[in-house]
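1. this one's structure only:
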């Protein structure tokens, strides 16, 4: 009998998307579903991006260079330079979303069986990329009570062994919204130097920090050849569907290896590169309005959550996610129930159960991730749902 | 000392793209380079595709379903139905080019260490995907003298062992242009049934067959759960830069597993899916003109090659590639010399050295792949270059 692969069997479903069929079923019944499960912002994509595509008037939709369109890479280098990050276009490869950047970083730096240490909870798709690359993620648990701050650096040291090749952070963090302090980043820097490790850093949300600027790992001194930074246009410009990201590193050997993986898949999508290049022409203050909007949404969300009985949630400093502890035993069941059974004036809410963001078994069972990617009216409506649902749920369980 | 991965070191450079820097240097000097190295057609992308993108007027460039846009998958199913391939949209997942389809097929069906048998020469990037997936390609050599027909089925049987999980074919073939006969396909069918194997089939060039229709592996009876077909919009619609492909199989377990890998990378690019969906609205006779054009180009190319002393090349029946044996010892060196040293009225030609399409060491050293993706005037000009270069090369070697 023919069978699928072990990795195909073991590959987890996305905690963000696995309840999608229940949401679809609810929508078919005419129910309005508030999506706080996925980081798909409702912010308008800058018109300049779509215009650039229309105005390109390409006769032939050709492959681009495997590294990405040269003028685009050069402008992206200027964008980093404007943030005091000292890179040039040779340090940048355009990838198909941050997703591909992470996969390529793993492929180029790590071999099957190698290990990386990742503070948990972490973006669940890292597990998928790790499984595709055959590497192992060793989690170090950060706690909701500490606001998901970096766990003590000693706890990293305890996990480091021969097979450990790197540390992976996401800053600002998805799913926690935590922004690492400069001091925490310096501790990580010293550790990777001492232990001869790579530092992989997912900086997708770097423009969304509400209490001060984020320090890029690319500015850490003395570890320039160890840092692999992954960026994306998805969140910055509300262009998730563009699937345009970048892998940035001063390590030439890594660039060369990633380039070979890039050549195998030929090139990133051409039209979306044109759109992304155009976005880099936006004025420097473009992010201010978006940042202010997300900050207001955050405050609305956290304000509402903090008033719900039994709910615990600190105010996140960055990204557009919050992790909340709910007064339920199993958020997987609760989130499914929200879609299948709970209705408030024919509306309901979709959340991401947090267990999928942890790899330590049993953790996160009473937590959810909320993406504040909807306008404040919708966030309030979604919070009305959640509040009513939390009151109704115990009764449902007793049935 | 921090090092890159073994797979990063072992990953081959693309034989199609590895000479690109020499071509760039020549162009900087003002030299006109005829690109017969890469399957990037000069055929205009149907205007309907670009118009659909402009007319979409998306306010937010959102993620799509990880499986691809539903209406797009449904129309793609209709396209296959119109070719008497019995699939529905549930059998189809949209991928980021055929490239990703191949990688996902490997990931979902094969584990690290598994083996697949592939007739060589084969599309070089299969090596990259195999390396990324940690699987091993076992080549079976087809010969230029037999026009690269399927090697005797007995030679496949000799290579099959415990670790063998599948056969991989490309039909019409890249790089050889060979189109497998129905009889050959039935032999493969019987083999995979007898030996309990998958059949992976890259059918990127199925619309480009010049002596009759191509039989899709999806129409092979009795092996419906064993066939994984990979398709792409790149060549059909001259939309290489769209990076839109599809993985098609009746095997539900494989679809489920691939779907998990698809979810990890979120979704294929949105704009390009819109463009590809629009292409499916083209009239059924759309391919006739393109096919006629390629056939004329092929005849021009083969006509010229057959008149060159010491060159051996049969007329390929499909795709838009020809493999030719040249009177040189090492086509890698020759192709590089064409770019660095040879000029004919300030023009030169770029070819893909064939050694990269073989994995058996030493094979293909005197062969090149030529992509007839230029108009006939340019093909003739390129052949003028090649003819003159082959005359000049022995003299260069004596220096």
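-> Sure thing, it's come through. These numbers come from a predicted model, not from an experiment.
2. so how many other residues sit close to the closest residue to residue A:36 other than its chain neighbours?
-> Excluding its sequence neighbours, the residue lying closest to residue A:36 (Cβ to Cβ, 6 or more residues apart in numbering or on different chains) is residue A:370, at 4.6 Å. Yep, even glycine has a C-beta here, placed from its N, CA and C like the rest. Neighbourhood size, residue A:370 [other Cβ atoms under 10 Å in any protein chain shown]: 26.
3. wait, doesn't residue A:370 sit right on residue A:326?
-> No. Using Cβ atoms under 8 Å, residue A:370 is not in contact with residue A:326, being 10.3 Å away.
4. what's the distance between residue A:50 and residue A:63?
-> From residue A:50 across to residue A:63, the span is 22 Å (Cβ to Cβ, to the nearest Å).
5. out of those two, which sits in the more crowded spot?
-> Counted by other Cβ under 10 Å, residue A:50 and residue A:63 do not tie: residue A:50 has more neighbours, with 23 against 20.
6. How about the helix or strand where the more buried one lies and chain B, touching?
-> In this assignment (DSSP states H and E), residue A:50 forms part of helix A:47-56. Yes. Counting by Cβ under 8 Å from any Cβ of the partner chain, chain B is contacted by helix A:47-56 at A:49-50, A:53-54.
7. In the stretch 251-399 of chain A, what residue spans correspond to strands?
-> A:321-325, A:347-350, A:352-353, A:367-371 (DSSP state E, counting those that start in this stretch).
8. Would you mind giving those as TSV with mean pLDDT and distance to residue A:128 added?
-> Listed next are these as TSV, based on pLDDT from 0 to 100; distance: least, Cβ to Cβ, whole Å:
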stretch	mean pLDDT	distance to residue A:128
strand A:321-325	98	18
strand A:347-350	97	20
strand A:352-353	94	15
strand A:367-371	97	17
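9. and of those, who's closest to residue B:118?
-> The minimum distance between residue B:118 and those falls on strand A:352-353, with 40.6 Å, by Cβ to Cβ.
10. on contacts alone, who are the packing partners of that closest one?
-> Here strand A:352-353 touches helix A:331-340, strand A:367-371, going by 3 or more Cβ pairs under 8 Å, 6 or more residues apart in numbering or on different chains; DSSP states H and E.
11. The shortest one pairs with which strands, parallel or anti?
-> Read that as strand A:367-371. When pairing is defined by DSSP bridges, strand A:367-371 lines up against strand A:321-325 (antiparallel), strand A:352-353 (antiparallel).
12. Comparing the helices and strands packed on strand A:352-353, which comes out most buried?
-> Comparing the helices and strands packed on strand A:352-353 by mean neighbour count (mean count of other Cβ atoms under 10 Å in any protein chain shown), strand A:367-371 ranks first with a mean of 27.
13. could you give the angle of that strand to helix A:331-340?
-> 50 degrees (axes from the mean of the first three to the mean of the last three Cα atoms, to 10 degrees).
14. Quickly list what the residue nearest to residue A:36 is bridged to.
-> Beta-bridge partners for residue A:370, by DSSP bridges, are residue A:322.
15. do residue A:245 as well
-> Judged by DSSP bridges, the bridge partners of residue A:245 are residue A:95, residue A:232.
16. For it, give me its contacts.
-> Counting by Cβ atoms under 8 Å, 6 or more residues apart in numbering or on different chains, residue A:245 touches A:94-101, A:204, A:230-234.
17. Then residue A:140 would be within a helix, right?
-> No. Counting by DSSP: H, G, I helix; E, B strand; the rest coil, residue A:140 is not found in a helix; it is strand.
18. Which strand residues bridge it?
-> On the basis of DSSP bridges, residue A:140 is bridged to residue A:119.
19. I'd guessed residue A:37 sits against residue A:356; true?
-> No. Look at residue A:37 against residue A:356 with Cβ under 8 Å: they stay out of range, at 10.9 Å.
20. The two: who's more crowded?
-> residue A:37 (27 against 23).
21. need the contact list for the more buried one.
-> A:16-17, A:19, A:23, A:335, A:350-352, A:369, A:371.
22. What of residue A:35?
-> If you count contacts by Cβ under 8 Å, 6+ apart, then residue A:35 has A:23, A:350, A:371, A:373-374 around it.
23. what's the answer for residue A:321, then?
-> A:39, A:173-177, A:369-372.
24. Just say helix, strand or coil for residue A:104.
-> helix.
25. For it, grab the count of nearby residues.
-> Neighbours of residue A:104 under the rule other Cβ under 10 Å: 29.
26. Tell me the spacing between it and chain B.
-> In this view, residue A:104 and chain B are 9 Å apart by Cβ to the nearest Cβ, to the nearest Å.
27. Pretty sure that residue sits against residue A:256.
-> No. In this structure residue A:104 lies outside contact range of residue A:256 using Cβ under 8 Å: 12.0 Å.
28. How about residue A:12: what's its closest non-neighbour residue?
-> Closest to residue A:12 by Cβ to Cβ, 6+ apart is residue A:127, at 5.6 Å.
29. In this structure the one you found contacts residue A:10, no?
-> No. Using Cβ under 8 Å, residue A:127 makes no contact with residue A:10, being 9.7 Å away.
30. Compare these two (neighbour count), which wins?
-> Neighbours per residue, other Cβ under 10 Å: of residue A:127 and residue A:10, the larger number sits with residue A:127, 21 against 11.
31. May I see the buried residues of the one helix or strand that one maps to?
-> Secondary structure from DSSP H and E places residue A:127 in helix A:125-133. Neighbour counts over helix A:125-133 (16 or more other Cβ atoms under 10 Å in any protein chain shown) mark A:125-133 as buried.
32. Export the residues you listed to JSON lines and append columns for pLDDT.
-> Formatted as JSON lines, the buried residues of helix A:125-133 follow (pLDDT from 0 to 100):
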{"residue": "A:125", "pLDDT": "93"}
{"residue": "A:126", "pLDDT": "96"}
{"residue": "A:127", "pLDDT": "94"}
{"residue": "A:128", "pLDDT": "92"}
{"residue": "A:129", "pLDDT": "95"}
{"residue": "A:130", "pLDDT": "96"}
{"residue": "A:131", "pLDDT": "93"}
{"residue": "A:132", "pLDDT": "93"}
{"residue": "A:133", "pLDDT": "95"}
